[in-house]
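Visitor: Got a predicted structure here, sequence first:
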Amino acid sequence: MIEKAIQFYSDGLKLEGTFYYPDSYNPNKQYPAIIINSGYQGVNEFYPKMFAKFLTEKGYICMGFDYRGFADSEGDPTRVLLEEQVEDIHNALTFLRFQNEVDEDRIGLIGWGMGGSNVVRVAEQNDVAGVAALNGFYHGERWLKTVHSYESWSKVLEAVREDRIKRVTTGKSKLEDPFFHYPLDPATKDYVQKELASKKGFGGQTQLQFTESVIDLDAEKSAKNLVETPLFVAHGKKNLLHPIEESIALYRSATGPKTFYEIDGKHNDFMYSEHEEFTALVEELDTFFQEAL
């Protein structure tokens, strides 16, 4: 896999990323391309690069980047808002379209975890050939309620209300642990500590406004508008962080061509480049994009 560092701007912020090319890359040809997007606290160096390693072997040009505020991208590292990540992907798509080596009519999107809802929302507003949402959640308020007791949920809502007042009266949002309202199940927490915690830009405090951004999320509305855009939905059947019912609800909401794929795994216990479930997922993605693109 050939790598090329790239930069583009999103709302005036310089974002850092990478183009990943097949080893057989010919600069005189045009290739189908896929933008691979991280989930919450994710960085280009990990999952996007991991998927790109396999997808470039299939003949795609891949693009990965760090959302604003993460790793070396500009922006406030404490500010994580889904709507701003959606805008970052939108701008990445604009940047990718005018590259000479890319066939602009054959561009797809992949989103992992929280990035799954992001790419569905981007696809609603942009002409892309196909979109894949992996192991995500798609209705924020419904999902958050699944990981909190009634008492705990009441406290979440009160904290969000108080933080909105704080932002309006002081201009600042309260800082908390990034998983303050987004508690990890034991298996995911163990994986995160082993594989992700050491990555640059991972794990810093996050403004509480993030929780409000999650509550406002409804990607199922966007899926209803993907009348002609093929949608691939995949989910770990044992996922305790994001229940598989989230992906089932998204799939049922979609009105266009759609594919559902069940992964024999949890949230990310299979996310290793040599794991058979990961390689099987990549094969399914290739099959989907070969037809969609």
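Guide: Looks like it came in fine. Numbers count the residues shown, from 1 in each chain.
Visitor: Take the helix or strand containing residue 188, keep the C-alpha atoms, and write them as PDB.
Guide: Under the criterion of DSSP states H and E, residue 188 resides in helix 186-191. These are the backbone C-alpha positions of helix 186-191, laid out as PDB (Å, rounded to 0.1, in the frame of the first residue of the first chain):
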ATOM      1  CA  PRO A 186     -16.100  -4.400  29.800                       C
ATOM      2  CA  ALA A 187     -15.000  -6.100  26.500                       C
ATOM      3  CA  THR A 188     -14.900  -2.800  24.600                       C
ATOM      4  CA  LYS A 189     -13.100  -1.000  27.500                       C
ATOM      5  CA  ASP A 190     -10.500  -3.800  27.600                       C
ATOM      6  CA  TYR A 191      -9.900  -3.500  23.800                       C
END
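Visitor: Show me how far it is from its chain's centre.
Guide: Offset of helix 186-191 from its chain centre (C-alpha atoms, centre = their mean, to the nearest Å): 19 Å.
Visitor: Kindly report the same for stretch 16-29.
Guide: With C-alpha atoms, centre = their mean, you get 22 Å for stretch 16-29.
Visitor: Over to stretch 268-285?
Guide: 17 Å.
Visitor: Name the residues that touch that stretch?
Guide: 47, 50-51, 53-55, 110, 113, 132, 134-135, 187-188, 191, 195, 232, 234, 236, 261, 263-265 (C-beta atoms under 8 Å, 6 or more residues apart in numbering). Any C-beta I mention is one placed from the backbone N, CA and C, and that applies to glycine too.
Visitor: Which members of those are positioned in helices?
Guide: 47, 50, 51, 53, 54, 55, 187, 188, 191 (DSSP state H).
Visitor: need the contact list for the closest residue to the fourth one other than its chain neighbours.
Guide: Taking C-beta to C-beta, 6 or more residues apart in numbering as the measure, residue 53 lies nearest to residue 1, with 5.5 Å between them; neighbours along the chain are not counted. When contacts are counted by C-beta under 8 Å, 6+ apart, residue 1 touches 20, 21, 22, 23, 52, 53, 56, 57.
Visitor: change it to 7 Å
Guide: 20, 23, 52, 53, 56 (C-beta atoms under 7 Å, 6 or more residues apart in numbering).
Visitor: just these now: which is nearest residue 139?
Guide: Using C-beta to C-beta, residue 52 comes nearest to residue 139 of those, at 29.3 Å.
Visitor: Is the closest one in contact with residue 62, as I believe?
Guide: Yes. Counting by C-beta atoms under 7 Å, residue 52 sits close enough to residue 62 to count as a contact (3.8 Å).
Visitor: one step back: how far is the following helix or strand past the helix holding residue 188 from where the chain is centred?
Guide: Counting by DSSP H and E, the element after helix 186-191 in chain order, helix or strand, is strand 206-207. Computed by C-alpha atoms, centre = their mean, the chain-centroid distance of strand 206-207 equals 18 Å.
Visitor: secondary structure class for the nearest residue to residue 156 once chain neighbours are set aside?
Guide: Excluding the flanking residues, the one nearest residue 156 by C-beta to C-beta, 6+ apart is residue 181, at 5.5 Å. Assigned state for residue 181: coil (three-state reduction, DSSP: H, G, I helix; E, B strand; the rest coil).
Visitor: Please give me every residue in contact with residue 181.
Guide: Neighbours of residue 181 in contact, by C-beta under 7 Å, 6+ apart: 144, 156, 211.
Visitor: Just those residues: which are in helices?
Guide: Using DSSP H, these in helices are 144, 156, 211.
Visitor: Buried ones from the ones in helices among the contacts of stretch 268-285, can you make that a ChimeraX selection?
Guide: Buried residues among these (16 or more other C-beta atoms under 10 Å), as a ChimeraX selection:
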select :47,50,51,54,55,187,188,191
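Visitor: farthest pair in the ones in helices among the contacts of stretch 268-285?
Guide: Between any two of the ones in helices among the contacts of stretch 268-285 (C-beta to C-beta), the greatest distance is 26.2 Å, for 55 and 187.
Visitor: can you tell me the distance between the two ends of stretch 32-48?
Guide: Stretch 32-48 has an end-to-end distance of 16 Å (criterion: C-alpha to C-alpha, to the nearest Å).
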